[in-house]
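K.L.:
need a structure here:
(one chain, ligands or ions: 1)
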Amino acid sequence: EVEAPETIEGYWVLHDFRRIDWPRWRSLPEAARSRLLEELLGFLGECASVEGVERGGSSRAYRVITQKADLAVIHFRPDPAQLFDLQAGLWRCGIADFLLPAYSYFSVIELSLYRGPSSRPEVMERRLYPRIPDRRYMCFYPMNKRRGERYNWYDLPASERREMMKGHGRVGHKYAEQVTQIITGSQGLDDWEWGVTLFADHPIHFKKLVYEMRFDPASSRYAEFGPFYIGMTASPQDITALLLG
Ligand code: 76R
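P.N.:
Sure thing, here's the model as predicted:
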């Protein structure tokens, strides 16, 4: 008999990272750039407008540091079909011709019930259907649990996994004030098994948390990581300054 932990799913999530094709963008006349920018801001405004609706979803734009990307949009929606429309919506914006795909990720907010569904219903609701936290910085990376010859997470008895997740939660909980974490599951959905999205007012908290967690067995033995992306919240003014400044 297999012992997969029970999971509960909430919002569906799309992380969409783009690189700006700077030489082509800069070669456009200023009036054309302004028009394309306005259209993009209109689209992003529409995306964010669902936040007034209960369980409507949430969307945020970020500037991204390093050459891996320039811009990111994160969408949470109750229905995965909405994410298909949002992806198409960005491609339909004229500026999409200047936004090169950099990375993207499809997953769903997941609570694994290692500790049982002990939380109160309103706490569950808030964790399954959260607004994207209003923190200045965002850190995203995909990860797997190892399936090696020596260390295989999926071969462990449930009791050992539960014990290890307890230790994991203890380390994480020290950072509960500084870092909001949203774990999304992507088994069967994308190339890694989970997406980790962290939100904080300063990126130093990502470094401290992720480093400390590397020493915890759930990570030191069993975690494998993909690329890291660091974003800074981008208001319409920030995006205007980035693209026209
Ligand atoms: O308290 C609870 O009920 C939640 C406990 C908890 C679970 C079940 C928890 C707490 N996490 C859980 C599940 Mn987590 N988490 C990560 C990473 O970089 C690394 O080493 C790993 C990436 C971070 C930084 C992080 C942070 N967590 C998971 C799972 C699913 C495992 C499964 O189902 O098998 C993954 C992949 C994962 C990964 N975690 C916390 C945090 C933080 C900060 C907390 C504490 C939250 C709080 O107490 O407010």
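
K.L.:
so what's the nearest residue to residue 192 once chain neighbours are set aside bridging to?
P.N.:
Using CB to CB, 6 or more residues apart in numbering and skipping the chain neighbours, the partner closest in space to residue 192 is residue 142 (3.4 Å). Where C-beta positions appear, they are placed from N, C-alpha and C, glycine not excepted. Residue 142 has these beta-bridge partners by DSSP bridges: residue 195.

K.L.:
next one: residue 17
P.N.:
Residues in beta-bridge contact with residue 17 (DSSP bridges): residue 72, residue 103.

K.L.:
Please report the number of neighbouring residues for it.
P.N.:
Look at residue 17: counted by other CB atoms under 10 Å, it has 24 neighbours.

K.L.:
what about it, distance to residue 184?
P.N.:
Distance, residue 17 to residue 184, by CB to CB, to the nearest Å: 15 Å.

K.L.:
swap in residue 153?
P.N.:
18 Å.

K.L.:
isn't the residue nearest to residue 192 right next to residue 187, touching?
P.N.:
No. Checked against CB atoms under 8 Å, the pair residue 142 and residue 187 is beyond contact range at 11.6 Å.

K.L.:
shared neighbours of the two, anything?
P.N.:
Between them, residue 142 and residue 187 share these contacting residues under CB atoms under 8 Å, 6 or more residues apart in numbering: residue 193.

K.L.:
Looking at those two now, which is surrounded by more residues?
P.N.:
Legend: neighbour count by other CB under 10 Å for residue 142 and residue 187, higher for residue 142 (23 against 14).

K.L.:
Show me what the worst-scoring helix or strand of the chain on mean pLDDT is in contact with.
P.N.:
Lowest mean confidence among the helices and strands of the chain (mean pLDDT, DSSP states H and E): helix 121-128, at a mean of 92. Around helix 121-128, the neighbours that count as contacts under CB under 8 Å, 6+ apart are 8, 9, 10, 11, 109, 111, 117, 119.

K.L.:
In this structure, which residue sits nearest the ligand?
P.N.:
Nearest residue of the chain to the ligand: residue 172, at 2.3 Å (CB to the nearest ligand atom).

K.L.:
What is the burial count for that residue?
P.N.:
As a burial measure, residue 172 scores 17 neighbours (other CB under 10 Å).

K.L.:
any idea which helix or strand carries it?
P.N.:
If you go by DSSP states H and E, residue 172 is part of helix 158-173.

K.L.:
Could you export stretch 168-186 as PDB, CA atoms only?
P.N.:
Only the C-alpha atoms of stretch 168-186 are listed here, as PDB (Å, rounded to 0.1, in the frame of the first residue of the first chain):
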ATOM      1  CA  HIS A 168      11.100  21.600   8.400                       C
ATOM      2  CA  GLY A 169       8.100  23.500   9.800                       C
ATOM      3  CA  ARG A 170      10.100  24.400  13.000                       C
ATOM      4  CA  VAL A 171      12.900  26.000  11.000                       C
ATOM      5  CA  GLY A 172      10.400  27.800   8.700                       C
ATOM      6  CA  HIS A 173       8.400  29.000  11.600                       C
ATOM      7  CA  LYS A 174      11.300  31.100  12.900                       C
ATOM      8  CA  TYR A 175      10.900  33.200   9.800                       C
ATOM      9  CA  ALA A 176       7.100  33.500   9.900                       C
ATOM     10  CA  GLU A 177       7.200  37.200  10.500                       C
ATOM     11  CA  GLN A 178       9.700  38.100   7.900                       C
ATOM     12  CA  VAL A 179       8.800  35.700   5.100                       C
ATOM     13  CA  THR A 180       5.500  34.600   3.700                       C
ATOM     14  CA  GLN A 181       5.800  31.300   1.900                       C
ATOM     15  CA  ILE A 182       3.400  29.900  -0.700                       C
ATOM     16  CA  ILE A 183       4.100  26.200  -1.700                       C
ATOM     17  CA  THR A 184       2.600  25.100  -4.900                       C
ATOM     18  CA  GLY A 185       2.500  21.600  -6.100                       C
ATOM     19  CA  SER A 186       3.300  20.700  -9.700                       C
END
